[in-house]
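**Q** sequence unknown, structure follows:
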């Protein structure tokens, strides 16, 4: 299969190409400003891409507020809540966020399932570079040039991890091999930029 050209998912100046989960509009608390797609206040809701993707390579940068928490979901459905079905790369201020105490909840983790292999996040207020690779069942999380997590959706290891997590209660979790990219409103200001796939 020939590699595809990079496609921007954010034009840097508008919220075009994104909408709130389950709606056809986007809350005004999500704004395009200074080249970033920003959640400016709590209550904006999770947003998803207009388009769906199967196998992909996603790159973006994120910057979280002090003590902040957010996330990047992939192969997500356009139904609320996204976290019940789609795996999440955690976005977190590892130094001060409430959720930092569980290693499987730190920046770069597959949230609640795979802890980062090493700490790789920059401090709150600095941009972090993300790369997420998905090929069939195999997925890798990269943060600031380091591969921090990898898993295989078809493996017994993955099934065991899901069974031991909060996602065990949701039979469709992680099952989709195609879906949208989603950005989370966890109540804290966060910025995303240079989003491409």
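**A** Noted; the coordinates are in hand. What you see is a predicted model; the values in this text were computed from it and never measured. Numbering: from 1, shown residues only.
**Q** all contacts plus neighbour counts: C-alpha atoms, from now on.
**A** Fine.
**Q** how near is the residue most central in space within the chain to residue 91?
**A** The residue lying closest to the centre of the chain (C-alpha atoms, centre = their mean) is residue 72, at 0.9 Å. Here the criterion is C-alpha to C-alpha, to the nearest Å. By it, residue 72 lies 7 Å from residue 91.
**Q** now swap in residue 171 and tell me
**A** 25 Å.
**Q** between the two, which one's more packed in?
**A** The residue with more neighbours, out of residue 171 and residue 91, is residue 91; 27 against 12, by other C-alpha atoms under 10 Å.
**Q** for that one, phi and psi?
**A** Phi and psi for residue 91, reported as degrees, to the nearest 10, are phi -110, psi 120.
**Q** where does residue 139 land in three-state SS?
**A** Taken by DSSP: H, G, I helix; E, B strand; the rest coil, the conformation at residue 139 corresponds to strand.
**Q** ok, it to residue 132 distance?
**A** Residue 139 is 7 Å from residue 132, by C-alpha to C-alpha.
**Q** The two - which one has more neighbours?
**A** Between residue 139 and residue 132, counted using other C-alpha under 10 Å, residue 132 has the larger neighbour count: 22 against 18.
**Q** follow-up on the earlier one: who does the residue nearest to the centre of the chain bridge with?
**A** For residue 72, the beta-bridge partners are residue 89, residue 183 (DSSP bridges).
**Q** surely it meets residue 185?
**A** No: Residue 72 lies out of contact with residue 185 (C-alpha atoms under 8 Å); the separation is 10.0 Å.
**Q** Torsion angles phi and psi at residue 97?
**A** Torsion angles, degrees, to the nearest 10, at residue 97: phi -70, psi 150.
**Q** Return the per-residue confidence for it.
**A** If you check residue 97, the pLDDT there is 96.
**Q** what's the neighbour count on it?
**A** 16.
**Q** List the residues that contact it.
**A** In this structure, residue 97 makes contact with 66-69, judged by C-alpha atoms under 8 Å, 6 or more residues apart in numbering.
**Q** how about a cut-off of 7 Å?
**A** Residues in contact with residue 97 (C-alpha atoms under 7 Å, 6 or more residues apart in numbering) are 67-69.
**Q** what do you get for residue 23?
**A** Counted by C-alpha under 7 Å, 6+ apart, residue 23 has zero contacts.
**Q** Helices along this structure, start to end?
**A** In the chain, the helices defined using DSSP state H lie at 156-163.
**Q** Would you map the strands across it?
**A** 18-20, 30-33, 36-39, 47-49, 56-64, 69-76, 88-92, 128-135, 138-143, 146-152, 180-183, 190-196 (DSSP state E).
**Q** State the distance from residue 73 to residue 131.
**A** Taking C-alpha to C-alpha, one finds residue 73 at 13 Å from residue 131.
**Q** I meant to write residue 97 there.
**A** Relative to residue 131, and taking C-alpha to C-alpha, residue 97 is found at 22 Å.
**Q** Let me have the strands of the chain in JSON lines, adding mean pLDDT and distance to residue 10 as columns.
**A** What follows is these, written out as JSON lines (pLDDT from 0 to 100; distance: least, C-alpha to C-alpha, whole Å):
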{"stretch": "strand 18-20", "mean pLDDT": "98", "distance to residue 10": "8"}
{"stretch": "strand 30-33", "mean pLDDT": "97", "distance to residue 10": "9"}
{"stretch": "strand 36-39", "mean pLDDT": "98", "distance to residue 10": "8"}
{"stretch": "strand 47-49", "mean pLDDT": "98", "distance to residue 10": "9"}
{"stretch": "strand 56-64", "mean pLDDT": "98", "distance to residue 10": "10"}
{"stretch": "strand 69-76", "mean pLDDT": "98", "distance to residue 10": "14"}
{"stretch": "strand 88-92", "mean pLDDT": "98", "distance to residue 10": "18"}
{"stretch": "strand 128-135", "mean pLDDT": "98", "distance to residue 10": "15"}
{"stretch": "strand 138-143", "mean pLDDT": "98", "distance to residue 10": "20"}
{"stretch": "strand 146-152", "mean pLDDT": "98", "distance to residue 10": "24"}
{"stretch": "strand 180-183", "mean pLDDT": "98", "distance to residue 10": "12"}
{"stretch": "strand 190-196", "mean pLDDT": "98", "distance to residue 10": "6"}
